[in-house]
Structure formats: structure tokens, C-alpha cells
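[1] Need a 3D model of the sequence below.
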Amino acid sequence: MCLLCDDEKAYQAYMKYLDVMERQGKAADPQEAVGIVLEQLEAAAKADAQKKAVQDDPANDKTLSPFFCSPINK
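    Residues are numbered from 1 along each chain as shown. The predicted structure follows:
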């Protein structure tokens, strides 16, 4: 559990997962829950990274125009 205690987002996601399982009337295995929560956090981080990469692409920069000086490398 130390891994989750160091990361506030991971700890909150873990507690939410346990709450959802409890509301469904299911008993959650803590070890299995940690794996599921970490997979969800990794998937969210990967999606955020892809979204940021698309936003940082110069082709998507709406400020580029002949009348506006913007840096080539962001």
C-alpha cells in the first residue's frame, strides 16, 4: 500500500474503486484492486500525453499566420 500512499491521485482512485465495489455488494481483493487502479491511472496518463502531443503539434497551432510572429519550436 506504500505505493498508493505516496501518490494522492492513486490513493483517491483506490478508495473510489473500493467504494464502488462495496456499493455493488462485492468484496474487493486489495491486491487485485491495486493492479486495476494502477492500470487505470496509466491509461489516463497515456491518454493525457497523447492529447498534449496533439495540442503541441505545430500543425494544430491556430496562432500561425503571416501577421503573427510565433516561435517555430514550442
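[2] could you pull out the helices for the protein?
    2-6, 8-23, 30-55 (DSSP state H).
[3] want to throw those helices into TSV with mean neighbour count?
    Every C-beta, even on glycine, is put in place using the N, C-alpha and C of the backbone. Formatted as TSV, the helices of the chain follow (neighbours: other CB atoms under 10 Å):
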stretch	mean neighbour count
helix 2-6	11
helix 8-23	14
helix 30-55	12
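[4] possible to save those as TSV with mean pLDDT?
    Converted to TSV, the helices of the chain look like this (pLDDT from 0 to 100):
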stretch	mean pLDDT
helix 2-6	63
helix 8-23	84
helix 30-55	82
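[5] so residue 36 touches residue 17, yeah?
    Yes. Contact criterion CB atoms under 8 Å: residue 36 and residue 17 qualify, at 6.5 Å.
[6] so what sits against both of the two?
    With CB atoms under 8 Å, 6 or more residues apart in numbering applied, the contact sets of residue 36 and residue 17 do not overlap.
[7] what's the distance between residue 52 and residue 45?
    For residue 52, the distance to residue 45 (CB to CB, to the nearest Å) stands at 10 Å.
[8] Kindly report the same for residue 39.
    Counting by CB to CB, the gap between residue 39 and residue 45 amounts to 11 Å.
[9] any residues in contact with both of these two?
    Common neighbours of residue 39 and residue 45, counting by CB under 8 Å, 6+ apart, are absent.
[10] wait, isn't residue 13 in contact with residue 37?
    Yes. With contact defined as CB under 8 Å, residue 13 reaches residue 37; the gap is 4.8 Å.
[11] how about residue 25, phi and psi?
    Backbone torsions for residue 25, taken as degrees, to the nearest 10, come to phi 80, psi 20.
[12] Also the one 4 residues further on?
    Dihedral angles phi and psi of residue 29 (degrees, to the nearest 10) take the values phi -80, psi 120.
[13] okay, it: pLDDT?
    Residue 29 is assigned 79 on the pLDDT scale.
[14] try residue 73
    With respect to pLDDT, residue 73 has a value of 62.
[15] now swap in residue 66 and tell me
    The score at residue 66 is 62. That number is its pLDDT.
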